[in-house]
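**Q** A structural model of the following input is requested.
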Amino acid sequence: MQQQQSMAQLSMQAAKVAAAGVLAGVLGIGGGMLMAPMLLASGVHPQAASATSNILVFFCSSSATLAFFLAGRVDLQQSAVFCSVCGVASLVGLTLFGRLVKASGRPSIVVLLLTFIMVSGAVCSGVFGYLDAWHQWQEGTGGWKSLC
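**A** Got it, this is the predicted structure:
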């Protein structure tokens, strides 16, 4: 990607990245859901966009984990199991998708995977949020509460 960008274009990109960072921090979503589509729309190679997105998520989740650890809210045994399972699953996924991209010669598979993950996350958030609200409504524990 050896294209010359004007100072106005670079300033606009920097403003978008700053806005995405602020939104990610306020919403607590790790930044990956905002940055990956923005990077892809800017013409960044799909694998580079995915890697950048993963680095952002890593730093956000690591800082949140450190905050919970310092507050004494981390179960170390459960964390060790979860970390081990996620590590193995990450290596398996990396190996399988690396082979798939290499065999097909199409890095667009990464874009399709990102799209699937984002859509699945949005659907699951909506469905589980609705079910949780429904259960709270039936039990009479949900609803708006007084701010005071």
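
**Q** Show me where this structure has its helices.
**A** Using DSSP state H, the helices found in the chain span residues 7-27, 32-41, 46-70, 76-104, 108-139.

**Q** could you check the distance from the residue nearest the centre of the chain over to R73?
**A** The centroid of the chain falls nearest to G32 when counting by CA atoms, centre = their mean (3.8 Å). Separation of G32 from R73 (CB to CB, to the nearest Å) stands at 24 Å. All C-beta spots, glycine's among them, are computed from the backbone N, C-alpha and C.

**Q** any idea how far M35 lies from I55?
**A** 9 Å.

**Q** between the two, who's got more neighbours?
**A** Neighbour totals were compared for M35 and I55, and M35 leads with 23 against 13 (other CB atoms under 10 Å).

**Q** Quick one: residues contacting that one.
**A** For M35, the contacting residues are 17, 20, 24, 49, 52-53, 56, by CB atoms under 8 Å, 6 or more residues apart in numbering.

**Q** wait, which of the residues you listed is closest to T141?
**A** A24 (30.7 Å; CB to CB).
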